[in-house]
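1. Please find the sequence and the predicted model below.
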Amino acid sequence: GISAVLAGAAGTPVPTCWLRAWPERSLQALQCPPHIIAGQDEDAGLGAYPRLPSSFATTTLTDVEKPGYTIPQSFMGFSHEWPYVEELYDVPQYLSIIKMLQSFGSGPLVLRVGGGSTDKQVTVPEPRVWQALSKLHEATGMKFILGLNFFYNNVALARAQMDAAKAGLPQGSIMSFEIGNEPDYYSNKSSTHWNGTKYFVVQPAEYQSCCFHTEWLYMAEQLACRNGPDSCSPEPQFTGPVWGHVNLRWTTMDWFLRTNGKYVLFTSVHWYKATSETYNTAVTLLDEDPIRQEMTNLKKIVEVSNGYGKPLRVAEMNTISNSGREGVSDVFAAALWTVDASFEVAAAGGTGVNLHQGAGQNLYAAVIRWYDNGKLASPMLRPPFFGMLMFQMAVRGGTRLLGQTTTSLSTPTAYKWLKVWSLQDLNSKEIRWVVINKDPTRAGTATLKLTKNLGYTPTAKVLRLVAPGDNPLSATTGITLAGVTYGNGGVPRGTRKVEQIDVVADGSGLKLTLYMPPASAALVRLPKAGWVAGGAAGSQAVARQPEP
């Protein structure tokens, strides 16, 4: 809550903002975002990108007759620790940001409340928390996944937390209760062995083998069956196993559901590229090969979960765990990672993702809480927000993935840099592609082909996600989507830019060629001829992207 002015280059005063950190609640200084510095020509060059010679190329054939997974409503969501979660309603203009993300018709966001704070919380949240979440639900329709303390095996505490939530929140607002957080990392814990003996766990691997399934089942039974086996709730209410990474063995998921499935509403795992202690850069964050390996495993555990009739949600996700890594989680590379990772989860069959915010001020947070003269001010938007916004814009009110094949690569490694997601709108039948160039310095060319011409327009519209500078992956400001950036509180600035490119016949199908500048993404929209879009679903008086 302190403000200061520091000397910048050539003695120019540079305003400094302050963040309150959790859990230490100490003060951290950071330079205020440029758009709050008076006198800047803020809009000059917004949305511009370099026209470099193309260094590599790919061709992607999209098959309109081979649909993939349908991306469900409310796929996108936030995850937030219990401390300060009320900020989503209390902080000025946070609601406008949420409504903007919801304004494309893809349904209310899902808010998962939990994380490391779940198993540290040894009391029941105060009434003000339930009041803020209730108002948030009423204003946006958001539903909640709520974490219950599991680490201490304290049934009375978990019951009290669960009962307070049910009493304090509107009926229908609770999606599920999450038992614990990342039990695969539990250590130094008094536990009960599967054979009934007491056991002190030192290492996480011990807990997984000796005690996790036994203790999870006991906790679920005690929460669902308050007065014995005949009193169990008729509907499953819980989320598990809340594993810390998508590299969960499929046999572990099978074991978990065979043992506990009757109490499980849906399963959940978490996904981060790496921990903050691991060396990473803005370039390595986007490495394609590790993503492919991890998504192969995610597809398998989704398959196992679906076999028990349980959908799977990646209920905590972000670039780098343990609050993120500077220069990786808080730069433009994180925006590209966010949109790509969200589609990866959808393509694996997951039913949603929750982008973790920490306690609202972590390096990887998409929306940052900050203070001005001791008072809560409009939140700042960080690069991951733009990845969330692009995903929502692409998915809109109902979309399915389409089958696609990479038919040519100009170099053997081109697939690592130029990536394509093929989509079709379920209502308008519009074809959409999201194209990502992960190369930090080289431009590429993406040729996009359709197997059949089913009456599409002769031109496609292109909305670009770009960042300024010679090293755009590391940019922290000036990021634009379709020429528009968003300042504090989600206030839009800039002139909307929508490009048009020609679509040409290609045998019985269609073809278009898209130039991709370094470190950028593009949303390509190919409408059906004669389609007239109605008003965007969920339109409200908020800052939002109009129809191009």
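-> Done, it's in.

2. Using the three-state scheme, assign residue 178.
-> Following DSSP: H, G, I helix; E, B strand; the rest coil, residue 178 is assigned to strand.

3. Next, the contact list for it, please.
-> 112, 114, 118, 145-148, 238-240, 242, 268, 315 (C-beta atoms under 8 Å, 6 or more residues apart in numbering). Any C-beta I mention is one placed from the backbone N, CA and C, and that applies to glycine too.

4. change it to 10 Å
-> Applying C-beta atoms under 10 Å, 6 or more residues apart in numbering to residue 178 gives the contacts 112-115, 118, 144-148, 150, 238-240, 242, 268, 315-316.

5. From the chain's centroid, how far away is stretch 429-446?
-> 20 Å (C-alpha atoms, centre = their mean, to the nearest Å).

6. gap between the two ends of it?
-> 22 Å (C-alpha to C-alpha, to the nearest Å).

7. Stretch 369-377 too?
-> End-to-end distance (C-alpha to C-alpha), stretch 369-377: 7 Å.

8. Only the buried residues of it, if you could.
-> Using 16 or more other C-beta atoms under 10 Å as the test for burial, stretch 369-377 gives 369, 370, 371, 372, 376, 377.

9. Can you tell me which of those residues end up in strands?
-> 371, 372, 376 (DSSP state E).

10. Now for the residue nearest to residue 175 when sequence neighbours are not counted: which residues touch it?
-> Among residues not flanking residue 175 along the chain, residue 143 sits closest, at 4.4 Å (C-beta to C-beta, 6 or more residues apart in numbering). By C-beta under 10 Å, 6+ apart, the contact list for residue 143 reads 74, 77, 107-112, 137, 169, 172-176.

11. quick one: what helix or strand has the residue minimising distance to the centre of the chain in it?
-> With distances taken as C-alpha atoms, centre = their mean, residue 355 lies nearest the centre of the chain, 3.5 Å away. Counting by DSSP states H and E, the element that carries residue 355 is strand 353-356.

12. which helices and strands does that strand pack with?
-> strand 76-80, strand 110-113, strand 264-275, strand 312-321, helix 332-347, helix 383-395 (3 or more C-beta pairs under 10 Å, 6 or more residues apart in numbering; DSSP states H and E).

13. Throw the ones you listed into JSON lines and include distance to residue 499 and mean pLDDT, thanks.
-> JSON lines is the format used below for these (distance: least, C-beta to C-beta, whole Å; pLDDT from 0 to 100):
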{"stretch": "strand 76-80", "distance to residue 499": "26", "mean pLDDT": "98"}
{"stretch": "strand 110-113", "distance to residue 499": "33", "mean pLDDT": "98"}
{"stretch": "strand 264-275", "distance to residue 499": "31", "mean pLDDT": "96"}
{"stretch": "strand 312-321", "distance to residue 499": "29", "mean pLDDT": "97"}
{"stretch": "helix 332-347", "distance to residue 499": "18", "mean pLDDT": "98"}
{"stretch": "helix 383-395", "distance to residue 499": "15", "mean pLDDT": "98"}
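
14. how about these in CSV, adding mean neighbour count and distance to residue 67?
-> Putting the helices and strands packed on strand 353-356 into CSV (neighbours: other C-beta atoms under 10 Å; distance: least, C-beta to C-beta, whole Å) gives the following:
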stretch, mean neighbour count, distance to residue 67
strand 76-80, 25, 21
strand 110-113, 25, 24
strand 264-275, 22, 23
strand 312-321, 27, 20
helix 332-347, 26, 12
helix 383-395, 26, 15
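
15. So, low pLDDT: which residues of this protein?
-> Per-residue confidence for the chain (pLDDT under 70) gives these ranges: 1-45, 531-548.

16. Counting residues, which helix of it comes out longest?
-> helix 288-307 (DSSP state H).

17. now it, how far from the chain's geometric center?
-> The chain centroid and the centroid of helix 288-307 are separated by 17 Å under C-alpha atoms, centre = their mean.

18. buried stuff in it?
-> Neighbour-count burial for helix 288-307, counted by 16+ other C-beta under 10 Å, picks out 288, 291, 294, 295, 297, 298, 299, 300, 301, 302, 304, 305.

19. relative to helix 288-307, how tilted is the longest strand anywhere in the chain?
-> Scanning the chain for the longest strand, with DSSP E as the assignment, gives strand 54-71. Relative orientation of strand 54-71 with respect to helix 288-307: 10 degrees, computed using axes from the mean of the first three to the mean of the last three C-alpha atoms, to 10 degrees.

20. Now strand 54-71 - C-alpha only, PDB.
-> C-alpha atoms of strand 54-71 as PDB (Å, rounded to 0.1, in the frame of the first residue of the first chain):
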ATOM      1  CA  SER A  54      10.000 -16.800 -44.200                       C
ATOM      2  CA  SER A  55      12.600 -19.400 -43.000                       C
ATOM      3  CA  PHE A  56      10.500 -22.500 -42.800                       C
ATOM      4  CA  ALA A  57       7.000 -23.800 -43.800                       C
ATOM      5  CA  THR A  58       4.400 -26.400 -43.000                       C
ATOM      6  CA  THR A  59       1.300 -27.700 -44.700                       C
ATOM      7  CA  THR A  60      -1.700 -28.900 -42.600                       C
ATOM      8  CA  LEU A  61      -4.600 -30.800 -44.100                       C
ATOM      9  CA  THR A  62      -7.800 -30.400 -42.000                       C
ATOM     10  CA  ASP A  63     -10.500 -33.100 -42.500                       C
ATOM     11  CA  VAL A  64     -14.000 -31.700 -42.000                       C
ATOM     12  CA  GLU A  65     -15.400 -35.200 -41.900                       C
ATOM     13  CA  LYS A  66     -13.200 -36.400 -39.000                       C
ATOM     14  CA  PRO A  67     -14.300 -34.400 -35.900                       C
ATOM     15  CA  GLY A  68     -12.400 -34.700 -32.700                       C
ATOM     16  CA  TYR A  69     -13.400 -33.900 -29.200                       C
ATOM     17  CA  THR A  70     -16.000 -31.200 -28.600                       C
ATOM     18  CA  ILE A  71     -14.700 -28.500 -26.300                       C
END
